[in-house]
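# Quick check, what structure comes out for this input:
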Amino acid sequence: MATSLTTFDGFPRDDIDVAQIRTTRARIIHLRNDHKEVMKYLEKGLHAHFEALQQAQASSTTPATAVPTQQQNGTHATQNGITETPFARVNTVAPGSPADQAGLKAGDVIRSFGTVNWVNHERLTKVGEVVQQNEGRPLVVKLSRPSESGQGTRELSVSLIPRRDWGGRGLLGCHLVPL
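As a prediction, the model looks like this:
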């Protein structure tokens, strides 16, 4: 990274591919910057997690859920600073299905589905795994719903219990599409 690409008199060296080295150096710099961003995000998450644990131990109760606040870039941040980027949209909901009973509606944007979020959803395959593993048990689904007035969104948290005996296909009765 620090080796000169020119000779002592200012001409490009003929023993190396200068263009390829410049491209590679630029890629390395981009990757380093990306790594720094991810590490900052992880650091915020770790601090928030351990702060919540500390507060829970101090009060001997479960910590209250954080209230989301709107940010300019379209993501939402909780009071502890962790952003929840949407990763899926509810395309359809079957009447009488577990998703319908939980209150999901077509057009809702999913921010987290149990333990699955925008980081680990793997094109929604993890959502399917979590649903199958939690059949008959409640899953917390955090979502954003456009307001009826058409301006802004509402942040909701619903409890969804996947089950087979609802009379339709699947455990949820809704169709999710990745964003």
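# quick one: the stretch of helix or strand residue 50 belongs to to chain centroid distance?
Using DSSP states H and E, residue 50 falls within helix 18-59. Taking CA atoms, centre = their mean, to the nearest Å, one finds the center of helix 18-59 at 15 Å from the center of the full chain.
# Ok, stretch 130-143 next?
Stretch 130-143 has its C-alpha centroid displaced from the chain centroid by 16 Å (CA atoms, centre = their mean).
# quick one, helices of this structure?
18-59, 98-102, 125-133 (DSSP state H).
# Can you add mean pLDDT and mean neighbour count and give those helices back as CSV?
To be clear about C-beta, it is placed using only N, CA and C from the backbone, and glycine gets the same treatment. Putting those into CSV (pLDDT from 0 to 100; neighbours: other CB atoms under 10 Å) gives the following:
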stretch, mean pLDDT, mean neighbour count
helix 18-59, 88, 11
helix 98-102, 92, 21
helix 125-133, 90, 15
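# mind giving me the domain split of this structure?
When the chain is parsed with automatic domain parsing, its domains come out as 1-64, 69-178.
# about what we covered before: export the helices of the chain to CSV and append columns for distance to residue 84.
Formatted as CSV, those follow (distance: least, CB to CB, whole Å):
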stretch, distance to residue 84
helix 18-59, 11
helix 98-102, 18
helix 125-133, 15
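# Mind listing what's buried along stretch 90-100?
Neighbour-count burial for stretch 90-100 flags 90, 93-94, 97-100 (criterion: 16 or more other CB atoms under 10 Å).
# what's the closest of those to residue 120?
Residue 120 lies nearest to residue 90 out of these, by CB to CB, at 19.4 Å.
# Could you tell me how far the nearest residue to that closest one once chain neighbours are set aside is located from residue 134?
In space, and not counting its chain neighbours, residue 90 is closest to residue 108: 4.3 Å by CB to CB, 6 or more residues apart in numbering. Distance of residue 108 to residue 134, given as CB to CB, to the nearest Å: 19 Å.
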